[in-house]
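> Predicted structure and sequence below. I'll ask about it afterward.
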Amino acid sequence: MKEFDYYIFIDYSENFLGYLILDGEEIKTILPKISKFAHYKKLRHKSLYIHSIKKVVDKMELIKYFVKFKIKTLRDTPEIYADLVEFIRKNDNCIIFISVDDRQFSNFERLVRNIDGKNNKIVKESQLKKGSAEHRLSLVLDTLLNMERLKNESK
């Protein structure tokens, strides 16, 4: 796995958009803790999965490993993008891996290329190799988005 200074994952789930930023040095620490994460849409027993994985998230205190983490409604997309642009600008001397949901990819890629594209590797979420560290990390955000969506549906 190529070493990056930061990993950014941007994902979309129905009416929610979120991101998480992970320091590259935390990868080896967090990977063993996320082995139970799966792609939500492919699960048969979704509610059981969400219930059990919420316990994992809380017990392992996964959120503390993220440099930044945010989930907002889709109408708040400009806020999400502004946060990410600010982070990329502040860390323009770093090598950043960015995984973007396929639906958001073209807009976000254009935005990042206008900032500084030479130190950033931007890939579509669908291009992540199944089972790779990057793919496993993207499942964390996918799951957190679905947990937030379900929490808001039950209100």
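Alright, I've got the coordinates. Bear in mind that the values here come from a model prediction, so they are computed numbers and not experimental data.

> Tell me which residues of the helix or strand bottoming out on mean pLDDT in the chain come out buried.
In the chain, no helix or strand scores lower on mean pLDDT, DSSP states H and E than helix 105-116, which sits at a mean of 81. Across helix 105-116, burial judged by 16 or more other CB atoms under 10 Å covers 105, 108-109, 111-112. Every residue, glycine included, has its C-beta placed from N, CA and C.

> closest to residue 16 among these?
Nearest to residue 16, judged by CB to CB, of these is residue 108 at 15.8 Å.

> Please list all residues in contact with the nearest residue to the closest one once chain neighbours are set aside.
Nearest residue to residue 108 in three dimensions, chain neighbours excluded: residue 100, at 4.9 Å (CB to CB, 6 or more residues apart in numbering). By CB atoms under 8 Å, 6 or more residues apart in numbering, the residues touching residue 100 are 10, 108-109, 122-125.

> for residue 37, same thing?
So residue 37 contacts 53, 136, 139-140, 142-143 (CB under 8 Å, 6+ apart).

> Pipe those into a markdown table and attach secondary structure per row.
Listed next are these as a markdown table, based on DSSP: H, G, I helix; E, B strand; the rest coil:
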| residue | secondary structure |
| --- | --- |
| 53 | helix |
| 136 | helix |
| 139 | helix |
| 140 | helix |
| 142 | helix |
| 143 | helix |
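
> chain center to stretch 89-107, what's the gap?
In terms of CA atoms, centre = their mean, to the nearest Å, the centre of stretch 89-107 is found 11 Å from the chain centre.

> Tabulate the CA atom coordinates of that stretch in CSV.
The C-alpha trace of stretch 89-107 is given here as CSV (Å, rounded to 0.1, in the frame of the first residue of the first chain):
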residue,chain,number,x,y,z
ARG,A,89,-5.1,24.0,1.1
LYS,A,90,-3.6,23.9,4.6
ASN,A,91,-1.9,20.6,3.8
ASP,A,92,-0.7,21.5,0.2
ASN,A,93,2.7,20.0,1.0
CYS,A,94,1.2,16.6,1.9
ILE,A,95,0.4,13.7,-0.3
ILE,A,96,-3.4,13.1,0.0
PHE,A,97,-5.4,10.1,-1.1
ILE,A,98,-9.1,11.0,-1.8
SER,A,99,-11.9,8.6,-2.4
VAL,A,100,-15.1,10.2,-3.6
ASP,A,101,-18.5,8.7,-4.1
ASP,A,102,-19.1,8.1,-7.8
ARG,A,103,-22.0,10.6,-7.9
GLN,A,104,-19.9,13.4,-6.4
PHE,A,105,-16.7,12.6,-8.2
SER,A,106,-16.7,14.9,-11.3
ASN,A,107,-17.7,18.0,-9.2
